[in-house]
Every structure is written in structure tokens, then in C-alpha cells.
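**Student:** my questions are about this predicted structure, shown below with the sequence.
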Amino acid sequence: MALAGTGAFAEILDGGEVYKYYADGEWRASGSGKSVPIVNPTTRKTQYRVQACTQEEVNKVMEAAKVAQKAWARTPLWKRAELLHKAAAILKEHKAPIAECLVKEIAKPAKDAISEVVRSGDLISYTAEEGVRILGEGKLLVSDSFPGNERNKYCLSSKIPLGVVLAIPPFNYPVNLAVSKIGPALIAGNSLVLKPPTQGAVAALHMVHCFHLAGFPKGLISCVTGKGSEIGDFLTMHPGVNCISFTGGDTGIAISKKAGMVPLQMELGGKDACIVLEDADLDLVAANIVKGGFSYSGQRCTAVKVVLIMESIADAVVEKVNAKLAKLKVGPPEDDSDITPVVTESSANFIEGLVMDAKEKGATFCQEYRREGNLIWPLLLDHVRPDMRIAWEEPFGPVLPVIRINSVEEGIHHCNASNFGLQGCVFTRDINKAILISDAMETGTVQINSAPARGPDHFPFQGLKDSGIGSQGITNSINMMTKVKSTVINLPSPSYTMG
Ligand SMILES: NC(=O)c1ccc[n+]([C@@H]2O[C@H](COP(=O)([O-])OP(=O)(O)OC[C@H]3O[C@@H](n4cnc5c(N)ncnc54)[C@H](O)[C@@H]3O)[C@@H](O)[C@H]2O)c1
């Protein structure tokens, strides 16, 4: 059942073949006359087309965003929240066509695609509520706490918006990781320009249409499409941008170097380690390795990307994991398969490169390596050693290395030698040891007895080292997209001198 671009969403396509971009409250065709194809990872044929926006069009969007933001910042907070709740409801109501885009553009299993849209609606609503709570509060400071001062200065501080927020999400959660930026930006009184990933752009355009239907003022939200490599730099270096919230890979490091003096929120790659101690519940470990390493074919920033396991229990865990991998359904996303084609052919080639390097260097293949087009069968590589690329690099595919260790210290050392520091996990029944290990792991989050995960979406989420700058999670994102403004009341005489 083809629903995308029809019914409530017909305006985005307008009878044409190329999805329009969103500017100044309306859907427009680019003056470039060019489009960018979106290749279905399963069929490897062009599924959709989006506009290749020009720099001139980006300039116009930035101007409109600046104007719209001024009025939005003066809109009462409760009204901003009300509109966000409305957008959340519309998004959830239209989950089917949006999920269909996720299935066709990024080969997300059908059920997970629906969950992504529903979770996004919940995230927007929670953001509206949280915003009302935290932005409704300010601070009052009095001067006489600092040496040399009397009580004659009263400082009132509150949070004000930054201006225009540029949001760039990655392909793997193009809806959820877009609304995790849009919601906080808007509730805090900012305007927002979205540059969706190429794969996932059509799902993002449908999501933006839900904000359009909710009735947000024109120009407040815009969505420009085009190749990241072509309009990306122009956007991130644009003088009209007051904040950049980016989620993706190494591109984020390059953006950080080029961006001007604006606050940056960078959520980048990871090589999440799973450390397994001898006293762990081995069934729990196996279940979490399979779920953590292979959900959405390993294309998750917080996927388990290396297992560091004590030698004495390694055989038992590998056997349990292999038994579970044999039961995974491999195939197209429409059939709700567990393992679906990876996003692009170049991604599949990169994964294959890591597998072949491990093969040459003597890793043990627990399954036969199998690939058809972009579809790669789940593969556990045992006896991986630090000289293999897969010990350090992020495959972003259904391929997981196991490194056998002889001490916990060896595991912590491998984890900390990585240039990434997103999340990590440790499995043990000894909570005291788990806390010590958590403190020793140089990652933004450590999960005890569960695989790494970004959610629930109000938890703080951050990476150390090359994994990011700043912290996400609903509350942190709202705060990050504001600045503190103070008003100081100066009294002619200290206030405690009367009476
Ligand atoms: N830490 C997190 O929260 C998190 C979450 C999901 C994914 N990721 C990471 O994302 C990566 C996979 O996603 P991806 O392949 O979409 O990442 P990517 O870095 O290739 O692309 C991310 C976004 O940047 C855009 N882009 C490309 N060139 C650009 C440029 N010069 N200027 C501005 N934007 C540009 C892309 O179009 C896309 O929208 C993995 O490394 C994964 O770990 C991180």
C-alpha cells in the first residue's frame, strides 16, 4: 500500500516526481532544476527523488528563519508547547506513511519504522512538557555572598533562545534524531533549519509536513535538501546560523573545525565495548550481544561494536550467541526481517573490507561470510586481535568482533585506547566491581548488565573524545539551545538597612 506522498502528504509531491523542499511555510521546487536520487537499499533502484537546493535558496531560508524567530521568541511558552503537542499528535496519526518511507529509504524493518515515528511523537510531547517546566524557571541571586559586596544588587537570570538552529541528523534515525533537535529548539524559542540525510530525506519531509499541518508560523521551520557534500559546508559555515546540532560520523569533526563561534552539539560515532566478566549471567549476556550488536543490522551509534570477554567463559558465550544468530531472519525490511540490507553499496563494501582484513589476519569466522547486494548475513568474528582493523573501526553493519581477554584491566585498556568514547557496557553480578569499571571506562555512558542504548530519550546522552561535543537528551538539549540572560537591579543602598 503506497501512502507516502499521497493524501495529507500530496502537497509535498504535488503530482510531480521530485519531493519538494520546505521554505517560508510552503513546499517548493528548487530553481536548480536538479534532483538527488534516493536509492532503495533493498532493490538498489531509485525509490524517490528530492530537490537539490541552491545556495541562493539556503540564503532565503536563513533570512526567513531569522525573521520568524523574533516573533516566535515573543510567543508565550505555553502556546509554543501547545503547538508542539499538536505536531506530536499529527505525527503519530500519520505513522504509517512515514514508516513506509523509512522502510524504502533506509531498509528499516517495518515494525521498527513504526516505533521510530511513535517514539518521535512521544519525544516531542515530552520536550514540550519539560520545556514548560525548565524554561518557566529562572534564578535570583543577591550580591552579598561574594566578598566585598553589600546586598544592593539583585540578579535575575533566565534562559533566552539562541536564534537560528541548524539541525543535521544521520540516516539511521532520520525522523527521531531530527525531532530530538527540532523539539528542543522550538520550545526554547529558536527557529530551525533542517538538512536531512539523503537516505531518509523523504521520511524527514513527511515529518516536517506534520509541523506544517500543526500550524507553526511560516519560516520558523524549514527543510532544505541536497547532497551534504554540496550544500553542507555552505549551511554549517553560514553566518545566519546561531547553533549547530549534528548527529553523524566523522563529518562532525570536520564541521567542528569549520563552524564559526556558535554552540555545537555533536553526537558522533562509537565503538561501544561490551566487557563480560566471569560471574556474569551468560544467557543475559548472549541476549544483549545479539540485540545490542545486530538490531537494525548493527547500524546504530550505540550498537555493541566489540565484545571483550574473559577467556574462561568465552566458548560458552560464543556458542550461545551463535545459536541465537542462527535464528535471526535475514531479508527485506517489508517482511520485518531482523537483518536487512545495509544503507548503501559503499557501506556494504566498507563492511566487507573489514571482514576480509580480519580473515587475512586469522580471525575465526563463526558463520560463513555471505552477502547479496547490500544484504550481509550476521557474522560473529572470534579470536579478533588488536592488529585487525575491526578491533577499532566502526563497521555499522551486522558484523561483530570478539576479543578474548585475561583480565578486566585488559578490557578497560582496549576500551580506553579507542578514539571513540560513546557508550560501553559491563556484565557482572558484582555491583561494586561494575561501578569501579564504569568509573574506569572513558565513555559518556556505561550500562551495567544491559547493552548500550540512547533511550529513554530524557536520559543524558553524550560521547567523549571523537564521539562528540556536549550532551543530548531532552533536558540537556533544551538547555544547550538557550543562553542565560541576566537583569541586575541595582539599589542605591543595601536592602537590609531599613527597619
Ligand atoms: N552519537 C550519536 O548520537 C549517533 C547517532 C546515530 C548515528 N551516529 C553516527 O552516525 C554515523 C552514521 O550516519 P551517517 O552515515 O548518516 O553519517 P554522516 O556523517 O555520513 O552524515 C550525517 C549527516 O551529515 C550530512 N553531511 C554530509 N556531509 C556534510 C557536510 N560537509 N556538511 C554538513 N553536513 C554534511 C549528511 O547528509 C547527513 O545528513 C555513524 O558513525 C554513527 O555512529 C551517531
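**Tutor:** In hand now; what should we look at?
**Student:** switch to C-alpha atoms for all contacts and neighbour counts from now on
**Tutor:** Fine.
**Student:** number of residues surrounding the closest residue to Pro239 other than its chain neighbours?
**Tutor:** By the measure of Cα to Cα, 6 or more residues apart in numbering, the closest residue to Pro239 outside its immediate chain neighbours is Gly260, 7.9 Å from it. Using other Cα atoms under 10 Å, Gly260 has 17 other residues around it.
**Student:** and if you look at the one 3 residues further on?
**Tutor:** The criterion is other Cα under 10 Å. On that basis, Pro263 has 21 neighbouring residues.
**Student:** just the pLDDT for it.
**Tutor:** At Pro263, the model reports a pLDDT of 98.
**Student:** do the same with Val179
**Tutor:** Val179 carries a pLDDT score of 98 in this model.
**Student:** OK, contacts around it?
**Tutor:** By Cα atoms under 8 Å, 6 or more residues apart in numbering, the residues touching Val179 are 120, 123-124.
**Student:** try 10 Å
**Tutor:** Applying Cα atoms under 10 Å, 6 or more residues apart in numbering, one finds that Val179 lies in contact with 88, 117, 119-121, 123-124, 127, 167, 169, 173, 185, 194, 204, 207-208.
**Student:** give the next helix or strand downstream of the helix ranked longest in the chain.
**Tutor:** Criterion DSSP state H: the longest helix present in the chain is helix 110-135. Heading C-terminal from helix 110-135, the first helix or strand you meet, by DSSP states H and E, is strand 139-142.
**Student:** residues in the stretch 251-400 of the chain within reach of the ligand, list them.
**Tutor:** 251, 267-270, 300-301 (Cα under 6 Å from any ligand atom).
**Student:** which one of those residues sits in the busiest neighbourhood?
**Tutor:** Gly270 (31 neighbours).
**Student:** what residues are up against the residue most central in space within the chain?
**Tutor:** Per Cα atoms, centre = their mean, the C-alpha nearest to the average position across the chain is that of Leu177, at 4.2 Å. Contacts for Leu177 (Cα under 10 Å, 6+ apart) come out as 116, 120, 167-171, 196, 204, 246-248.
**Student:** possible to save those as CSV with pLDDT and secondary structure?
**Tutor:** CSV is the format used below for the contacts of Leu177 (pLDDT from 0 to 100; DSSP: H, G, I helix; E, B strand; the rest coil):
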residue, pLDDT, secondary structure
Glu116, 98, helix
Ser120, 98, helix
Ala167, 98, strand
Ile168, 98, strand
Pro169, 98, coil
Pro170, 98, coil
Phe171, 98, coil
Pro196, 98, coil
Ala204, 98, helix
Phe246, 98, strand
Thr247, 98, strand
Gly248, 98, coil
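**Student:** also within reach of the ligand: list those from those.
**Tutor:** Restricting the contacts of Leu177 to those touching the ligand (Cα under 6 Å from any ligand atom) yields 168-171, 196, 247-248.
**Student:** in a markdown table: those residues, plus neighbour count.
**Tutor:** Converted to a markdown table, the ones next to the ligand among the contacts of Leu177 look like this (neighbours: other Cα atoms under 10 Å):
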| residue | neighbour count |
| --- | --- |
| Ile168 | 26 |
| Pro169 | 26 |
| Pro170 | 24 |
| Phe171 | 21 |
| Pro196 | 27 |
| Thr247 | 26 |
| Gly248 | 21 |
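**Student:** what's the end-to-end length of stretch 234-243?
**Tutor:** Chord length of stretch 234-243, first to last residue, is 14 Å (Cα to Cα, to the nearest Å).
**Student:** what is the burial count for the nearest residue to Ile106 once chain neighbours are set aside?
**Tutor:** On the basis of Cα to Cα, 6+ apart, the spatially nearest residue to Ile106 that is not a chain neighbour turns out to be Val343, at 5.5 Å. Here the number of neighbours of Val343 (other Cα under 10 Å) works out to 26.
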